[in-house]
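Visitor: sequence first, then the predicted structure, then my questions.
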Amino acid sequence: MIPEPLTQELSERIERVFDAQKATAQALKTSTIDSRLTKLKRLRREILERREAIVAAAQKDFNRPEVETDFTEMMPVLMEISDYCRHLKKWMKPRRVRPTLPMLGTQAWTRYEPRGRCLILAPWNYPLTLTLGPLVPAVACGNTAMIKTSEVAPHFSAVLVEIVEAVFDEEEVAIFEGDANVASALLNLPFDHCFFTGSPAIGKVVMGAAAKHLTSVTLELGGKSPVVVDETADIKLAAKTIAWAKYINTGQTCIAPDHIYVHEAVQEQFIRLFCEHLREWYGDGDKGLQAPLSRSINSRHAARVAGLLEDAVNRGARVLFGGHVDIDNCFVSPTLLTDIPADAEVMREEIFGALLPIIPFGSLDNVIESINSGPKPLAFYIWSNSSANADQLIAATSSGGVCINHVAAHFLHHNLPFGGVNNSGIGSYHGEWGVRAFSHERAVLKTRVMTIRMLFPPYTDRVSRLLKRMLRFI
């Protein structure tokens, strides 16, 4: 689809709002914590009042079950708002620091200050969570924001516009719909901070555009998040939990299990149990069309996932379960693959869909080598009752986050930072880390006694001896 050129009206609105938010951002620097929390509480009310509209939008855009919408969209945002209402005053409090030896006689502290005008570029897969989730800390920290929703989920985008415009004046928070040309127009502006959620490929474009203005960025990206199930794991719990987490939103989740390394001693049992759960929950083949299972967001994405499946099978992969494709209905059934050659696209590209490769292993060293041969993933899931195995896997690899004997749970633990590393992201948010993302941590030093003047010129022998003595104690 070729992006539509911006209308003059939209182009002028973007420029007008950006200019207007400059004065608002300056005024918000001295806004109180209570005034910011009042806005977050209004946002919470609007979300709750529009729950039925949110559920309906998720149904129209994804065919998503109501329970999944409550769990993946409503719950994370409402939790985030509640956390900020409880803890923001503590998180924003200036922090005293002890003086270093040369700075005896001074007082010092750090204080969080708003970054200013912020840009939030939201994805389509969890529109409420990944649009309003970063907006919460942005507002809590005293920033303005301009939001670009994803045109790929149009019904959700329309609801987001209603929510934001009911709570905020556009001079503080403005929301824009449209395609890639709208995002490009926004990226051309010299924002103080840019928060982007999406693919690593687009993340590079965003970072390149931000670099032109030396705009700081938080990039929440993705990657091929691996799972390791070793021979000591609770196989029943592992199979059920991974099957559940993988097929939330039919795998269209940045932290969804992308592929599974299963120890060869438990491989047969794991696959049998996994398939039993899929058959019970969703049925096999085209039965998933009537099951409580989200669809691919559109036929183009369904065709992309189907293409990964076809490529893998053509290269010799075996389908252990599923394999049904209905592009017109945006449907690829839950599908397990094995015997996948290393050069198959499904082993190189983030799947972001219903396919799940199963890879048997005998040695953790081989698993570690395989994981480290690719870019650093956003999440890493370890199923093991051996502390030594888990410690070895964590120490020898790198990822944005790790769960041991769970999947995707770290996203809901708002006392942990959520973010990637290198290819899977830059920076983190949630809870106190959201304050860090949307604030400048400003250093302040106040002199009471100017002790360092003892080192001022002229550089006499006494000054030289004093400095040499200090060097031994630093």
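Guide: Everything's here; your move.
Visitor: what's the local residue count around Arg86?
Guide: 11 (other Cβ atoms under 10 Å). No exception for glycine: its C-beta is placed from N, CA and C like everyone else's.
Visitor: and it, that's in a helix?
Guide: Yes: counting by DSSP: H, G, I helix; E, B strand; the rest coil, Arg86 is found in a helix.
Visitor: any idea of the pLDDT on Pro3?
Guide: pLDDT for Pro3: 67.
Visitor: give me the residues contacting stretch 130-140.
Guide: 36-37, 39-40, 43, 47, 76-77, 80-81, 84, 88, 118, 120, 122-123, 145, 147, 149, 160, 163-164, 173, 195, 197, 218, 220, 429-430, 434-435, 437-438 (Cβ atoms under 8 Å, 6 or more residues apart in numbering).
Visitor: so of those residues, which ones are in helices?
Guide: 36-37, 39-40, 43, 47, 76-77, 80-81, 84, 88, 160, 163-164, 434-435, 437 (DSSP state H).
Visitor: ChimeraX command to pick out the buried ones of those?
Guide: Buried residues within the ones in helices among the contacts of stretch 130-140, by 16 or more other Cβ atoms under 10 Å, are selected in ChimeraX with:
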select :36,37,39,40,43,47,76,77,80,81,84,88,160,163,164,434,435,437
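Visitor: tell me which residues of stretch 314-322 come out buried.
Guide: Those would be Arg315, Ala317, Val319, Leu320, Phe321, Gly322, for stretch 314-322 by 16+ other Cβ under 10 Å.
Visitor: and these, which two are furthest apart?
Guide: Arg315 and Phe321 (18.8 Å; Cβ to Cβ).
Visitor: quick check, nearest of the buried residues of stretch 314-322 to Glu66?
Guide: When the buried residues of stretch 314-322 are compared against Glu66 (criterion: Cβ to Cβ), the nearest one is Gly322, at 24.1 Å.
Visitor: ok, the closest one to Thr335 distance?
Guide: Between Gly322 and Thr335 the computed distance is 4 Å (Cβ to Cβ, to the nearest Å).
Visitor: what's the answer for Lys39, then?
Guide: The value you get for Lys39 to Thr335, if Cβ to Cβ is used, is 45 Å.
Visitor: do Ile260 as well
Guide: 13 Å.
Visitor: repeat for Ala153
Guide: 24 Å.
Visitor: before we move on, what about Ile54?
Guide: Ile54 is 29 Å from Thr335, by Cβ to Cβ.
Visitor: likewise for Phe438?
Guide: Taken as Cβ to Cβ, the span from Phe438 to Thr335 is 40 Å.
Visitor: next one: Val407
Guide: 18 Å.
Visitor: run a quick neighbour tally on the residue lying closest to Gly323 once chain neighbours are set aside.
Guide: Leaving aside its sequence neighbours, Gly323 sits nearest to Thr335 (Cβ to Cβ, 6 or more residues apart in numbering; 5.2 Å). Taking other Cβ under 10 Å as the criterion, the count of residues near Thr335 is 25.
Visitor: quick one: residues contacting Thr335.
Guide: Thr335 touches Leu309, Val319, Phe321, Gly322, Gly323, His324, Ala354, Leu355, Leu356, counting by Cβ under 8 Å, 6+ apart.
Visitor: wait, Thr129 touches Met79, no?
Guide: No: at 10.1 Å, Thr129 and Met79 do not qualify as touching, with contact defined as Cβ atoms under 8 Å.
Visitor: ok, those two, which is more surrounded?
Guide: Neighbours of Thr129 and Met79, each counted by other Cβ under 10 Å, are more numerous for Thr129; the result is 20 against 17.
Visitor: find the nearest non-adjacent residue to the more buried one, please.
Guide: Pro76 (4.7 Å).
Visitor: Leu121 too?
Guide: Phe196 (4.4 Å).
Visitor: same check, this time on Ala209
Guide: Leu187 (3.9 Å).
Visitor: list the contacts for that neighbour?
Guide: Leu119, Leu121, Cys194, Val206, Ala209, Ala210.
Visitor: how near is it to Phe168?
Guide: 22 Å.
Visitor: averaging pLDDT per element, find the lowest-scoring helix or strand in this protein.
Guide: Ranked by mean pLDDT, DSSP states H and E, the weakest helix or strand in the chain is helix 461-473, scoring a mean of 89.
Visitor: can you show me the CA trace of that helix as PDB?
Guide: C-alpha atoms of helix 461-473 as PDB (Å, rounded to 0.1, in the frame of the first residue of the first chain):
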ATOM      1  CA  ASP A 461      55.100  23.200  45.800                       C
ATOM      2  CA  ARG A 462      52.500  23.100  48.600                       C
ATOM      3  CA  VAL A 463      49.700  22.700  46.000                       C
ATOM      4  CA  SER A 464      51.600  20.000  44.300                       C
ATOM      5  CA  ARG A 465      52.200  18.100  47.500                       C
ATOM      6  CA  LEU A 466      48.500  18.400  48.500                       C
ATOM      7  CA  LEU A 467      47.300  17.100  45.100                       C
ATOM      8  CA  LYS A 468      49.700  14.100  45.200                       C
ATOM      9  CA  ARG A 469      48.500  13.300  48.700                       C
ATOM     10  CA  MET A 470      44.900  13.500  47.500                       C
ATOM     11  CA  LEU A 471      45.600  11.100  44.600                       C
ATOM     12  CA  ARG A 472      46.600   8.400  47.100                       C
ATOM     13  CA  PHE A 473      43.200   8.500  48.800                       C
END
